Every structure is written in C-alpha cells, then in structure tokens.
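1. Generate a structure from the sequence data that follows.
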Amino acid sequence: MVFAKAANLSSAYSRIKAAAAALPSANTVLVIASPDPDALCACKMISTLFKSDCIIHQIIPVSGYDHLDKTNTQKIRNNDNLRSIIMLNCGGVIDIAETLSIPPEATVYIIDSHRPLHLGSIYKYEQVMVLDDGEIEEMKDVEEAFNAIEMADSSDGEDDDDSDEESDEEPLLRRSKERQSPSGSDNDDDDDNDSKQHARRPQLDPNAAKRRKSMETRRKKNRYLDTLAQYYEEGSYYGMSASQLVYMMLTQLGKVTGDSLWFSIIGLTDQYLHERIGHGSYKASALSFKEDTTKFDLSGGAAGGGAEENDNPLDDEDDVDEFGERIRLPPALNMMPGQNRVARPRFAAAGMGQFGSKGADDRSIKCAEEFRLMLMRHWSFYDCMFYSQYVAAQLGTWKEKGRQKLTNLMARMGLPQTQTHQPFNEMKISIQKELRAKLLTIGPSYSMTQLQFPSFIRHNGYKITVSASDSVHALLALLDCGASWMRRHAVGGIVDEAVSDVKVGDNSGTGIQAGSSSIAAKISAAASSKLTGTGMGTRLGAGAVSVKISEFDDVIGVSIEGYEAPVPGEDENEKSARESRNRRREREGEWVKNFYMAYDALDNIDLIFHGIQLSMQFQRILVKTGISIIEKNITKTMKTFRFTVVNGSGGGNAHAGQRAPGGMAGESDSSVFGRSVALLNRLAVFLMETHREHKKKQLPLVVAAYNDDTGTYLVIGVPVLKRGEKNKFGMAFLKAAQRTNVAFRSDAFDNSVAEIQRDDLLDFVEALQSLV
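-> Predicted coordinates for the structure are as follows:
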C-alpha cells in the first residue's frame, strides 16, 4: 500500500521535508504542474509552503505527455540530488514508474484529480505515493483484485518450474515401481483377480481435484480481471481538486492562510464551472470552506456578506442538490478537523459593486450567492446577459425570437437601455440594489430557474472585488493567451522591436522610465487610452501591471528554439513560409510564458483584472461561434452522436477539394479553438447545453477544431449526462484509432481529448459511430 490516506496527508510532506533537510544546499524537489487553474493554485500553495520551510524547489509546467517526457530527459534522469517529484493534475492515469526515470532515492508524489488513477501507482510501486481524497480507501474490491492478479502473475514462473520438475519425476517413479514388483506365475494369477476387481469398482481420477482447483482459480482470476477492466473502462471522471488536497494537507500541518483558502476555492470553482463535479459535491465542499472563511475575515465584519443573512441556519432544502438528492460530504471532508456541521449559516445574497470593502488592507473572503452570468460585475449588464452561456441556452439567443426575449426581460425589469449598456459599476446605485431581486423574480418566467449557485468573493482593498468564478475565467484567459496579450495589447498593439527598449508603467502606474521621450509618450498615451487599468486605473479600480515592456521578454524568455533568420534574396513565398514556421514555433512555446503570467496573477490583482478583460474577448468569440454553428445548422446528427467541425482562419475546408460534414469556414476568430483545449471544451459544453434545452433527441456531442499551425484537428467528446458523470469517450477514441489505423495522439492529460491528422478525420469519425 503506497498511498497517503486522507487523514494523514501531512506524512507525505514530512517525508519531503526530511529528504530536503539531508541536502540543504541542493535542489531536491521538482514540482510538475499542468496548465489549468486548479493545478496552478495547488502549485502556488505548495511553493509558498516550501518557501516558508526554506526548501529549494523548481516548478516545471507540462502541457502534455510529450513535455513530460522532455522534462524527464532534462530534469529527472540521472539527477542524483533529486529526492521528491510532485505531480499536480498530471501523471495519475498513466504508469508513472514506466514513464519517468525515477532516481533510486527519489519518490513521486501524485496529486491528481483525473480519474481513474493507475492502480500500479496506488498499490505496487514503492517509489510512488498517491495522495488520497478518501476514494482509494473505499476501493476494497479493486484492491483485492489487483493484489490477486499481481500474486498470480508472480507465481506463474514458480508454477512453471514445479510442473517441469514433476514431469521429470514421473518416469523415475514408474521405473521404481516396476523394479519393486515381483515376477512369477502365482503372482500373475493374483494380478488377474485384482484387475477384475478393479474393473468392477469405479476408477477415481487422481487429477480431478487438481482440475477442480485449477478451474476455480481460473474463474476467480477472470472475475478479478473483469473487476479491473470495469475500473478502467467505465469512463474518465474527476475526483477532489488538487488544490483542495493541498489545502487539506496544510490544515493538518497547521499552515492554512487566507491565500491558501482562496486558492482552494478557485480550484473547486474551476471544477464546477466546467461540469467536472456534481452540484451536490460542489455544495458540500463549498459549505466546508464557508466555515473556514470566518478564520480569515480581516475586515471586522461577518463572513457572509452581512449579519442579517448569516443569522438564519440552512434549512433542509439547502442540503438537497439540484437533482433532489441529499448532499453527502466527500469522505475526505468528514476527516478535516474543526468542522461543525450541525448549524451552518446561509450563503449571503449576491452582493454588487465593491461589496463594502472595509479598508485598503481588507483581504477578507465572503460567501455569496453567485449569478450564472459570466463576469457580471466587470462589463455591461446587457453584455453579461447576451454572452452568458446559460442565458443563451435558455432563451435561444441565436434566433431573433430569443434576442427579443432578452430585450423583453430587461424591459420587464424596468431597466433603461442607457443603463444596461453601461459598465456595471457605473449604473445607478438604486438600479444595482434592485437588480438581484428583479432578476430572481422575473427570470423563472423565461425558463431561468437556476440563476444562482453558492460561491465566494474576495476584497482587494479599494481595488476591484472579484468572485471565485471571475478568477477562474481570468486565469483561463491568461493561460491561453496571457503573455501575448500583455506584450501586444497592453500598449495598444504598437510595441515592436524598434521601441522595445522603452519601459512603461511602474508599480504606481505613473512612471515612464528610460528611452526616447517621444516614443515613451506615445506608448504611455496608447496604454492609457487603449486598455483600461493601464496608467492610473482609477475608473474601474485596477492599477497598472508591474511589467516593464523592455524586461518582459527577458523575464519570461524571448528566444525561440529553431528560429529561422531572414535569408538574403528570398522571394515573397519563401519569406511567407519562413515567417509562418517561426510563428508556429513561437506559439509552441507561448504556453510556458502564459503559465508563468497566470502564476504571477494569483497574487497580483491587476494581472487578474487584465485577465478578466482578455476573458471577455474569448467569451465573445465563444458565444458568437456557438451561435453561428447553430444558425447555420452546421452540427450533423450521426448514428450515435452529433458532430461539429470548426475550421479556423486560413484552415479552409477539412480536406482539399472536399468539405467535412459539419465544417465551418470563414470565421476568423474560430482559430483559437484548435489551439486551446479549455476553450474547445467550453464551446462543446455550450453547444451541449443548447441541445439539451432545444433538441428532443439527446445524443453525445463530438466537436473537432482545426489547428492551422499543425494541420491537425483537436477533437473532444461530451456525453449526454448530468454534470460530474463519467465520460467514456477516451476509450472510444482509442478503439476508433486502432480500428482505422489512423495517426492518433492523445497528448493532453484529459482522455476525452485527441489530436487527429486532417486527412484521417472522416475515417476516425466513421469508426467512432459504432463505439459510442
């Protein structure tokens, strides 16, 4: 048994700390994290913990198995100082001992929310430790089956040797008996009588018992194999978030802070917004976090957004999820110390505006009912409604009738059109205060019955107040395009090599430091006018980002591996091809810069604000693309699922000379979906929500997005199940690729995502129909 039980997660950190203490001046810890908000938050929490204990460590982001293999070659293999390898949301579903060249004295610690976990990592390898959220302890039948199969396999060799010895002994025993039997005629008569008696008696087969035992062993082995096959083939799903596991470990160590609580809330919200966990599981975890918010309420007020809301305990209705099932806490949460679940306070009503920040140092976390309206506090009320996936799915805004419903909704709420198109914080205070009650009253008549869910917000002094869902959207946007956004858009897109030595924006948001005064003034003016929050940032409460343009590429890394310099005398076609290859290589390494940009944003509210601005751009693209797909009826109904193809700009049709079923060309913004798993997943979920609401026949959905740079399709599958259920597309993708012998690549850590060559897409989809 090589896993850390949920009640004893601190033992894993004790081992890491002890191993680091043996080599105090060496880098003994390697943290490997996948680029998603949950892993990002867990990485920040662990790094802060290591810093507090003066443990030298290195953080390496990996976007897939290719990067993991590269990290193994460069950082792990033959690293004699390495003692601890921490895997965050990666490595849990594969045979990590076979994938990594683990040094003899090192241990791999897996903190991964992806399921199903590889059983070898749990029960077999001594150099691998999985941190359990309580699920592994309940897998008694799987543990029994795995151990039985392992013992059977190990004993096969011994059985073969024994059978060989027995076969050698049989002729010797026969010859020995022949020598012992006497000869003679009298003996022959006796032998005849004995043979007749034996003929009359039933013969007992000396090997019957052995055969029965062998048959029973085979039956048990087949039963165990069926148990293991069912464990792996029942589909992919998600367990407790990595940040929650780290938070539990910090709780056991007594090192919980307000920041670590907030980061674990973000990780939980990330799972909920992307339908990776059910509403019941989410609400149970949220309630456990709610009790911890009182410990870090530094504002002097109640930890629920207002005393009048916190005086009422939860009634029975609050302990029932959206499917009518009683909420049960995950096993791990029942083990957390100091939790009193007899009378819990209500979640406060969703506050608006700045939520009454108590001062410049107010970093308190409040509980609030959050609307299912994306980034509601940060753009106009009309935009947050129109670009909300929930509202679009319920009202059908891709039709004129649906858009008219949205207009009528706002009219019934008594909202002037001039107010609905203003930034939310600039609406009249009286309208802001009445907005929540009106929306909850009128929304159900427009089929919007689940407008709220329990969530959290955090004050940032006199700067903007953000909710957990706002932070998730901001981090996702920064992970997708944060570095290039800051480099190209933060100063109006005019920064190039000629002016890259100019520094713009210090920590106070006012300074222009070195460089030509005219160019610096031009950049400063562009920065102040083009992007809200750059410069003084007093309008919406966001200050300038403390990133100097001249230092940006030096800090994050500007060199491009395999960069091709201009060739004298090259024609336009050669130049275009060279620049295209350079852009492709630049994008391949861009995600690393994005990761560190998002990592820094966790403790920089100004970067979070700019992530929110970028997230708005992505949301507009997502909703417009989804509406375009529905309007043009691009989604095709196959035998067992629906299928949609999104072709990016420059991608043309799916095949030269022919158009793929469900293809969409000419949408310049849709190219982002072929490069981002997160965005493609959000688009697929949005389309699935619209089908659930407006289609009579419910079928799974497969969405393929073309990537101009690689000439491949990024394919993702979404099942027709309620949130948090298991997704069987991973196994179906693998079997379809094996049947058709197509070039199949599943590099992402999510099994339901695959990469297919352009010419193989149709064959792959045809084979997939019989497997879903």
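
2. distance between stretch 41-61 and the chain's centre?
-> 20 Å (Cα atoms, centre = their mean, to the nearest Å).

3. Please apply the same query to stretch 123-134.
-> On Cα atoms, centre = their mean, the centre of stretch 123-134 falls 21 Å from that of its chain.

4. list the buried ones in that stretch?
-> Residues of stretch 123-134 classed as buried: 123-125, 127-134 (neighbour count, 16 or more other Cβ atoms under 10 Å). For the C-beta atoms, the positions are set from N, CA and C on the backbone; glycine is no exception.

5. Mind putting these into JSON lines with pLDDT?
-> Output for the buried residues of stretch 123-134, formatted as JSON lines (pLDDT from 0 to 100):
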{"residue": "Tyr123", "pLDDT": "91"}
{"residue": "Lys124", "pLDDT": "89"}
{"residue": "Tyr125", "pLDDT": "90"}
{"residue": "Gln127", "pLDDT": "93"}
{"residue": "Val128", "pLDDT": "94"}
{"residue": "Met129", "pLDDT": "94"}
{"residue": "Val130", "pLDDT": "94"}
{"residue": "Leu131", "pLDDT": "94"}
{"residue": "Asp132", "pLDDT": "90"}
{"residue": "Asp133", "pLDDT": "89"}
{"residue": "Gly134", "pLDDT": "88"}
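
6. name the helices or strands packed onto the one helix or strand Ile457 maps to?
-> Using DSSP states H and E, Ile457 maps to strand 452-458. Where contact means 3 or more Cβ pairs under 8 Å, 6 or more residues apart in numbering; DSSP states H and E, strand 452-458 is packed against helix 258-273, helix 279-293, strand 365-371, strand 466-467, helix 468-488.

7. And the furthest pair within the buried residues of stretch 123-134?
-> Greatest spacing in the buried residues of stretch 123-134, by Cβ to Cβ: Gln127 and Gly134 (23.5 Å).

8. so where is the stretch 151-300 of the chain shaky, pLDDT-wise?
-> 153-206, 297-300 (pLDDT under 70).

9. 90 - rerun?
-> Filtered on pLDDT under 90, the stretch 151-300 of the chain yields the residue ranges 151-221, 232-236, 274-276, 278-280, 288, 290-300.

10. What ranges does it have for its helices?
-> 185-200, 208-233, 242-253, 258-273, 279-293 (DSSP state H, counting those that start in this stretch).

11. about what we covered before: out of the buried residues of stretch 123-134, flag the one nearest to Ala6.
-> Gly134 (4.5 Å).

12. Kindly provide the distance from the closest one to Leu245.
-> 10 Å (Cβ to Cβ, to the nearest Å).

13. Leu273 against Asp470, yeah?
-> No. Between Leu273 and Asp470 there is no contact under Cβ atoms under 8 Å: 10.8 Å.

14. Tell me which of these two has more neighbours.
-> Asp470 (27 against 22; other Cβ atoms under 10 Å).

15. Can you give me every residue that contacts that one?
-> 375, 377-378, 608, 612 (Cβ atoms under 8 Å, 6 or more residues apart in numbering).

16. Any of those buried? List them.
-> 375, 377-378, 608, 612.

17. which two in those are spaced the farthest apart?
-> Arg377 and Ile608, at 12.7 Å, using Cβ to Cβ across the buried ones among the contacts of Asp470.

18. Quick check: neighbours shared by those two?
-> What both Arg377 and Ile608 touch, as defined by Cβ under 8 Å, 6+ apart, is the set 466, 470.

19. related to what we said a few turns ago, okay, the contacts of Asp470 in TSV with secondary structure next?
-> Output for the contacts of Asp470, formatted as TSV (DSSP: H, G, I helix; E, B strand; the rest coil):
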residue	secondary structure
Leu375	coil
Arg377	coil
His378	coil
Ile608	helix
Ile612	helix
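
20. Can I get these in TSV including distance to Ser214 and pLDDT?
-> As requested, the contacts of Asp470 are arranged in TSV below (distance: Cβ to Cβ, whole Å; pLDDT from 0 to 100):
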residue	distance to Ser214	pLDDT
Leu375	66	88
Arg377	70	85
His378	69	87
Ile608	65	92
Ile612	66	92
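
21. Quick check: buried residues in the strand holding Ile457?
-> Under 16+ other Cβ under 10 Å, the buried positions of strand 452-458 are 452-458.

22. Need those in a markdown table (columns: pLDDT).
-> What follows is these, written out as a markdown table (pLDDT from 0 to 100):
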| residue | pLDDT |
| --- | --- |
| Gln452 | 89 |
| Phe453 | 91 |
| Pro454 | 91 |
| Ser455 | 93 |
| Phe456 | 94 |
| Ile457 | 92 |
| Arg458 | 92 |
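
23. one step back: which one of the helices of the stretch 151-300 of the chain lies nearest to Thr107?
-> helix 242-253 (15.4 Å).

24. Report the mean confidence score over stretch 2-14.
-> If you average the pLDDT over stretch 2-14, you get 89.

25. Just the C-alpha atoms of it, please, in CSV.
-> Coordinates of each C-alpha in stretch 2-14 appear next as CSV, following Å, rounded to 0.1, in the frame of the first residue of the first chain:
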residue,chain,number,x,y,z
VAL,A,2,1.8,3.1,-1.2
PHE,A,3,-0.8,5.9,-0.9
ALA,A,4,-1.3,8.6,1.7
LYS,A,5,-4.6,8.4,3.4
ALA,A,6,-6.8,11.5,3.5
ALA,A,7,-6.5,11.7,7.3
ASN,A,8,-2.7,11.5,7.1
LEU,A,9,-1.7,13.7,4.1
SER,A,10,0.8,15.6,6.3
SER,A,11,3.0,12.4,6.4
ALA,A,12,3.8,13.0,2.7
TYR,A,13,5.1,16.5,3.4
SER,A,14,7.1,15.2,6.3
